[in-house]
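J.: Sharing a model that was predicted from the sequence below.
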Amino acid sequence: MSFVFAAPDYVTAAATDLADLGSAIRSANTAAAHATSAIAAAAGDEVSVGIAALFGAHGQAYAALSARAQQFHHQFVQLLNSGASQYALTEAANSNPLQNLLANMPNLGLGNKGNANLGSGNTGSQNAGNGNIGNQNIGNGNNGHADVGSGNFGSSNFGAGNRGNNNVGFGNYGNFLNSSNPGGNVGLGNSGNNNFGLGNVGDGNRGGGNTGNNNIGAGNTGNNNVGFGNTGNNDIGIGLTGDNRVGINFAGLLNSGSGNIGLFNSGSGNIGFFNSGDHNVGIFNSGINVDIPHGLNNVGLGNSGAVNWGTGNSGNWNTGFGNSGELNTGIGNGGLLNTGFGNSGLVDTGFGNSGNCNTGLWNSGSVNTGLGNAGNANTGFGAATDSGLANSGFGNTGVNTSGFDNRGDDSSGFGNVASGGTNYNGEMSGFLNSATGGTLYSAGVTGFLNTGIATINLTVGGELSGLFSTGFHLSGLLGLRDYL
């Protein structure tokens with residue numbers, strides 16, 4: 001069996017073209033009618049009169065045939081337009097039931113909330129995967145629209161741990177606000193808009209470890225630089241300091257700025273290659289640590305923001321690979337204060353969670369312990385309704401806490417303890433972390449076996465990510481640091 005497809009738009013366009021052609025032919029026939037049907041004899045003799053009469057008769061016959069052709073043409077154009085209209089009406093009539101059918105399709109899986117979801121723990125419509133919030137997401141733990149991958153927060157992202165819109169890669173952080181094209185980064189650990197590469201901070205950079213706008217190369221600080229390790233604006237070369245310069249700075253050993261150790265660094269106090277900003281260690285890192293001016297900033301490869309440790313992290317205080325936001329520990333997290341992989345929510349422990357304060361897998365609701373829950377405060381799997389409880393899990397105290405034996409509010413994981421703050425204690429994810437000593441807040445720790453301690457004159461005890469770290473405002477492994 002063969003199939004024929006009709007496209008109403010093309011049929012309508014063809015009818016319009018034929019109508020225009022018919023109009024042109026009618027105009028030509030009208031202009032030629034008198035000259036071809038009433039031919040004057042060349043002379044008064046019988047032969048001339050006979051020839052004129054013969055050609056005049058042919059012209060009149062052509063005029064009659066042309067009139068019949070015009071009538072047929074008019075009817076044919078009407079039939080085409082009518083057919084196109086019928087096809088369009090039929091398609092509209094067919095599409096509405098299909099749309100209604102799709103809108104009312106049941107979910108396939110456990111714990112979904114919405115319509116036409118395939119998987120578990122999704123909230124929204126037409127998601128394929130687990131733990132997504134929004135519409136038409138494919139993957140796990142996405143929060144937004146048309147994201148593909150894991151742990152993305154925003155719309156039309158492809159990859160893992162992206163935050164913003166139209167990002168491709170891992171751990172990119174696009175600016176939702178004040179941009180005609182928010183997001184749009186391609187690569188790893190970029191922070192800003194329309195960057196291509198890794199570890200860039202700003203807009204329109206091409207390369208790695210640039211801080212500023214529209215730089216091409218690596219390790220540049222400023223705007224519109226082309227090359228490596230330049231500090232300034234509109235420089236072309238290597239290691240230049242200043243504006244509108246061209247060349248190579250051998251005297252600075254190919255670095256610009258001050259206090260840099262390595263090659264092609266710009267800014268201040270960087271160690272390694274192609275770093276920009278201040279106090280970075282590694283390759284293609286960028287950013288300036290404004291909160292702790294005398295401490296290390298980013299450590300690793302392609303990090304942007306402040307106090308990240310690992311590869312391709314953007315935002316602040318992340319430990320791991322491809323995280324965006326703040327205080328994430330793990331891989332591809334697009335939210336805040338998460339421990340694990342592919343989480344886009346807040347304070348989640350586990351994999352593919354898009355809600356808040358969840359412990360487990362693929363939860364799009366909040367305060368769940370288990371997997372595939374789209375409701376709130378459930379313990380188990382596949383629940384799409386709310387339990388009405390303050391916590392989920394076992395042995396937790398406080399409110400909005402999931403997991404096991406946690407002490408504090410808005411937390412997830414196992415054995416985390418937050419205490420001492422007069423106003424608030426909590427916001428912890430991971431395993432066996434503690435936050436104490438804040439005069440107002442003891443909060444904000446992710447990872448494993450970290451101890452957050454507030455030092456003198458600091459109101460917050462905590463804000464750490466990673467493993468075995470002790471102090472305040474830390475990321476990474478085995479950190480030990482105090483700031484007075």
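T.: Done, it's in. Note that this is a predicted model, so its numbers are computed, not measured.

J.: who's residue 263 bridged to?
T.: Per DSSP bridges, the residues bridged to residue 263 are residue 273.

J.: What does the pLDDT read for it?
T.: On pLDDT, residue 263 comes in at 88.

J.: how long is stretch 359-376 end to end?
T.: Taking Cα to Cα, to the nearest Å, the first and last residues of stretch 359-376 lie 12 Å apart.

J.: what do you get for stretch 358-373?
T.: End-to-end distance (Cα to Cα), stretch 358-373: 9 Å.

J.: Show me which residues of it are buried.
T.: Across stretch 358-373, burial judged by 16 or more other Cβ atoms under 10 Å covers 358-373. The C-beta positions use only the backbone N, C-alpha and C, and glycine is treated the same way.

J.: Next: stretch 400-415.
T.: For stretch 400-415, burial by neighbour count (16+ other Cβ under 10 Å) applies to 400-404, 406-415.

J.: Now do it: distance from first to last residue.
T.: In terms of Cα to Cα, the two terminal residues of stretch 400-415 are separated by 15 Å.

J.: same check, this time on stretch 230-244
T.: 11 Å.

J.: Quick one: mean pLDDT over that stretch.
T.: 92.

J.: Not counting its own residues, what contacts that stretch?
T.: Outside stretch 230-244, the residues within contact range by Cβ atoms under 8 Å, 6 or more residues apart in numbering are 217, 219-229, 245-250, 252-257, 264, 266-267.

J.: where along this structure do the helices fall?
T.: Ranges of helices within the chain are 8-37, 46-103, based on DSSP state H.

J.: before we move on, the earlier item: looking at the buried residues of stretch 400-415, spot the one nearest residue 111.
T.: residue 402 (14.9 Å; Cβ to Cβ).

J.: ok, now which ones touch the closest one?
T.: Residues near residue 402 by Cβ under 8 Å, 6+ apart: 349, 357-360, 367-369, 391-393, 396, 411-412.

J.: weakest of the helices of the chain by average pLDDT?
T.: Minimum mean pLDDT among these: helix 8-37, a mean of 62.

J.: Residue 386 contacts residue 377, doesn't it?
T.: Yes. Counting by Cβ atoms under 8 Å, residue 386 sits close enough to residue 377 to count as a contact (6.4 Å).

J.: Would you mind telling me which of the two has more residues around it?
T.: With neighbours defined as other Cβ atoms under 10 Å, residue 386 and residue 377 compare such that residue 377 has more, 24 against 14.

J.: tell me the pLDDT at that one?
T.: 95.

J.: can you map out the strands along the stretch 251-400 of the chain?
T.: 261-263, 271-273, 281-283, 299-301, 309-311, 319-321, 329-331, 339-341, 349-351, 359-361, 369-371, 379-381 (DSSP state E, counting those that start in this stretch).

J.: Nearest to residue 208, out of the ones you listed?
T.: Comparing these under Cβ to Cβ, the one sitting nearest is strand 281-283, at 7.8 Å.

J.: Who are the packing partners of the closest one?
T.: strand 271-273, strand 299-301 (3 or more Cβ pairs under 8 Å, 6 or more residues apart in numbering; DSSP states H and E).

J.: need these in CSV with mean pLDDT and mean neighbour count, can you?
T.: Listed next are the helices and strands packed on strand 281-283 as CSV, based on pLDDT from 0 to 100; neighbours: other Cβ atoms under 10 Å:
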stretch, mean pLDDT, mean neighbour count
strand 271-273, 90, 20
strand 299-301, 90, 23
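
J.: now those in CSV, with distance to residue 310?
T.: Below are those laid out as CSV (distance: least, Cβ to Cβ, whole Å):
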stretch, distance to residue 310
strand 271-273, 14
strand 299-301, 5
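
J.: Residue 186 is nearest to which of those?
T.: For residue 186, the closest of the helices and strands packed on strand 281-283 is strand 299-301, at 17.0 Å, according to Cβ to Cβ.

J.: how many other residues sit next to residue 436?
T.: Residues lying near residue 436 (other Cβ under 10 Å) number 17.

J.: same check, this time on residue 78
T.: 12.

J.: same thing with residue 75?
T.: Neighbours of residue 75 (other Cβ under 10 Å): 10.

J.: Could you measure from it over to residue 85?
T.: 16 Å (Cβ to Cβ, to the nearest Å).

J.: Same check on residue 242?
T.: For residue 242, the distance to residue 85 under the criterion Cβ to Cβ works out to 69 Å.
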